[in-house]
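Enquirer: fold the following and give me the result.
(chains A and B)
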Amino acid sequence: MKNMEKRPKNRDKEDQERMLRLKKGDRNALSELILGHQKSLSNFFMKLGGVNREDAEDLIQDTFVRLYKASSNYEVKAKFTTFLYMLARHTWIDSIRFKNRRISTTSDLPMELMRDEKNSISQVEISQDMQVYLNKLTEKYREVVVLNFYMKFKYAEIAELLGIPIGTVRSRLHEAMKRLREIVPNED
Amino acid sequence: MSETLNKYKKMILDYLVNELDDASRLDFEEALAHSKELQKECAAQRVVIEKVASAPQCSYDPDLNNIIMSRVGGGAARKKLSLRLSYCAAAAVVLIAVGLNWLREPVVEPITVPKMATNDAVNWLVESQESTGAWDAQRWGGQRTFDVGLTGLALLALQGNEAPAVKKSQDKAVKFLIDHQNNDGLFGESSATALYNHALAMMALLETSNNSKDKQIDKQIDKNIEKGLRFMVVNQNTSGGWGYLGALGTENTSVTLWQLNVLSLAKKIGYDSVDMPLKRGNAWLVEHINESGRVKYNDDQDSPYGHESLTAMSSYYLRLFEEKEISILPSVAPFVKNPKEQINFYRDFFLVSAADIEKIESHRVLAGIRDTQVEGGAQKGSWRPDDVWGAAGGRVYSTAMAALSLQVTDRSYRTLAMFKR
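Expert: Predicted structure coming up:
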C-alpha cells in the first residue's frame, strides 16, 4: 500500500490552528490550507468519479469557498481533514445533483457518469483499470472505498464524515470488498 | 470449526485496514497463523486493497489559490486599498507591508491609456481600409472568408469617432456591408462560420444606426437590420442555440453568444420581434453555465482554447443586458487579476469589457494590450496578429479587438446610452 495518502498526525493540528486563524480574519491561513490540500482534494474528487479536469477544479474551489464561509463558526470538534472532506463530499454530491438535473434520462446516475468516458479525468490520468472497477461500484460503496482504502480515513472518521453509524460504514466496506473481488482480476 | 473460521473471515477486512482493537488483532493473528484457508482469503483481500490504494495519483497539480482567494474577496479588498489611498499613503503602506511581509502581491496601479494609442489604432484602421469599404483579411494575414466580419469589427472600433476621415471610412464600411447582404438576410458568404460574420456586421450596423444623425441612412440600415434579424431567427436551432450554419447539432456558446448580443442589442433598441428567440437563446446559454459560473463550449466540453473567453463573454452579456433569470452569474474576477501571459485579443476584449461592467479592475489585461501596440513604422498603431485567432483574422482583427479593448469604458457608456434612448 505504498501509494496511499499519508496524513501526518501533527499536520491536522496545524490545520486546525489555521482554521482558527482564518476565523479571526487571517486570509493567509486560507491560502496555506488551499496549498496544503488542493492536490489531495483533486485526487479525492477524481476517484469518486464522474468529474473531468475542469469539474475537479470547480469542486476544489467550491469546497474552499464553503470552508471559508464555515470558518466564522468553526470550533475544534473533529479532525480538520474530516471537516474538510465532509465539505468536499457535500460539494461533490451537490454537483452530481446539478448534473443529474441536466441528464435527460432517469437512469442510475453513476452509470450515466460512467458513460462520460471522453471527459472523465480518471480515464486519462489515473490507473484506467482501477478507476473502471471503482466506477462499477455504486456511489455509497465507492465513497467508503475511496475514503478508507485510498484516503486512509478510519471507520469512525468516515461515519462522522458521512453522517452514518460506524456499523454501516463497516458493512458497506465489507459489501464493497465482496463486489470488488468479483470484478477485480485476481492474477496477482 | 467452520463457524469459527467464518467469524475470522469476517474480521479479515477490519484487520487489513487496521480497525481491530489490540485483543482482537492478536486473536485474529493467532488464528491466521494456523489456517491456510484464512491466509489465502486474507491475501486475496489484501490484493484488492493494494490495487485500489496503489492507483497512481493524478499528475495534475492544480494551483487554485489565487482564484479561490479572489472568490472569497481577498483580492478585491486589496484592490480597493490601492485605489483609495493617496500615492504617499500607499507608498508608506507598501513599505510597512513589505517590512511585515504582509502584502504578498504587488500593488497594481491603474493604467493610463494615452489617447494617442487609440488614435493611432483608428488611424491604422482607416488607412488600411480598401476603396470598396472593406477590410481585406488576406492582405493583413487573415482568411478571405472573414472579410465581412472583419469589416463589421473594424467599423465597431471606429464608432463614436466624429473626425471627417473616420466618418468617411464608416460610411464606406456601411455601404460595403449593405452590399454584401443576400436575399435571405445573411451578411457575407454562406459558409459554416457565416454566423460570426453576420453577427459582427449586425452589431456594427445596429451601433451605426443609433449613432447616425442622418434619418435617410438610418431608415435604409433599419431594413437591412430587420432582414438580418430574420435570418438569425430562422437559423436558430430547436434547442435555442446557434452553431455552424447548416450543421445541426453544432450549437456552441461562442456562436450563440454573438447572436444573443445582437438580439439583445436589437431588443433594447426597439426590435421587439426578437423577444421569443432571445428567451430561448438565453435559456440555452444558462444550461451551459455550471455551478461555478464556468461557461462550456457545448454540451460536452470546454473550448479547446480554455473557458475564459466564453465565461467573459457571458459575464459581459448577462450583466450588460441585465438577464435576471440566472442565479449563477459568471465572473471574470479570477482571470483579470492574474491574466495569462499569452495575449488573446478576443478573450482580452471580453475580459476588460466584463470587468468594466462588473466594476472590477482589469489593469493587467489592459497593460498587456497597451504595451504590445506597434509604436512606429508602416504598421504604427496596429497590433501584430500573434494570438490563436491571428491566422483567421489577421492584423485587422488584432487591431480592431485591441482598439475596442482600450476604448472599453467609452464603449460601455455609448452602449448604455443607446439603451436609454
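Enquirer: what about stretch A:159-166, how long is it end to end?
Expert: 5 Å (CA to CA, to the nearest Å).
Enquirer: apologies, that question was intended for stretch A:69-82.
Expert: 17 Å.
Enquirer: distance from it to the middle of the chain?
Expert: 17 Å (CA atoms, centre = their mean, to the nearest Å).
Enquirer: what residues sit buried inside that stretch?
Expert: Buried residues in stretch A:69-82, counted by 16 or more other CB atoms under 10 Å in any protein chain shown: A:A70, A:S71, A:K79, A:F80, A:T81, A:T82. From N, CA and C alone the C-beta is placed, and that goes for glycine too.
Enquirer: now do stretch A:83-95
Expert: So stretch A:83-95, judged by 16+ other CB under 10 Å, has buried residues A:F83, A:L84, A:Y85, A:M86, A:L87, A:A88, A:R89, A:T91, A:W92, A:S95.
Enquirer: where's the dip in pLDDT among those?
Expert: Ranked by pLDDT, the buried residues of stretch A:83-95 bottom out at A:S95 (74).
Enquirer: just the element for that residue, please.
Expert: Assessed by DSSP states H and E, A:S95 sits inside helix A:80-102.
Enquirer: and A:I34, what element?
Expert: Per DSSP H and E: helix A:27-48 holds A:I34.
Enquirer: scratch that, B:Y196
Expert: Going by DSSP H and E, B:Y196 is in helix B:194-211.
Enquirer: would you map the helices across chain A?
Expert: A:9-23, A:27-48, A:53-70, A:80-102, A:109-114, A:121-125, A:128-136, A:139-145, A:155-162, A:166-183 (DSSP state H).
Enquirer: ranking these by mean pLDDT, which is last?
Expert: helix A:109-114 (a mean of 30).
Enquirer: phi and psi next, for B:Q181.
Expert: Backbone torsions of B:Q181, given as degrees, to the nearest 10, read phi -100, psi 130.
Enquirer: contact partners for it?
Expert: For B:Q181, the contacting residues are B:F187, B:A201, B:N224, B:K227, B:G228, by CB atoms under 8 Å, 6 or more residues apart in numbering or on different chains.
Enquirer: ditto for B:E358
Expert: With the criterion set at CB under 8 Å, 6+ apart, B:E358 makes contact with B:S315, B:R319, B:S331, B:V332, B:A333.
Enquirer: how much space between the first one and A:V145?
Expert: Yep, that's B:S315 we're talking about. 40 Å (CB to CB, to the nearest Å).
Enquirer: same check on the fourth one?
Expert: Summarising the geometry, the distance separating B:V332 from A:V145, computed by CB to CB, is 39 Å.
Enquirer: cool, and the last one?
Expert: Between B:A333 and A:V145 the distance is 37 Å, computed by CB to CB.
Enquirer: these two: who's more crowded?
Expert: Using other CB atoms under 10 Å in any protein chain shown as the criterion, B:A333 and A:V145 rank with A:V145 on top: 25 against 22.
Enquirer: show me the contacts for that one.
Expert: So A:V145 contacts A:L134, A:L137, A:L173, A:A176, A:L180, B:V52 (CB under 8 Å, 6+ apart).
Enquirer: quick one: contacts for the residue nearest the centre of chain A?
Expert: Against the mean C-alpha coordinate of chain A, by CA atoms, centre = their mean, the closest residue is A:F44 at 4.1 Å. Contact analysis of A:F44 by CB under 8 Å, 6+ apart lists A:Y85, A:A88, A:V146, A:M151.
Enquirer: residues near B:Q342, how many?
Expert: That count, for B:Q342 with other CB under 10 Å as the rule, works out to 10.
Enquirer: ok, A:Y150 touching B:K51?
Expert: No - at 10.9 Å, A:Y150 does not count as touching B:K51 under the criterion of CB atoms under 8 Å.
Enquirer: quick check: domain ranges of the chain?
Expert: Let's take chain A. For chain A, the structural domains run A:9-99, A:111-183, going by automatic domain parsing.
Enquirer: if you could check chain B rather than the one you did, that'd help
Expert: Looking at automatic domain parsing, the domains of chain B come to B:3-108, B:115-420.
Enquirer: fine by me, we can end here.
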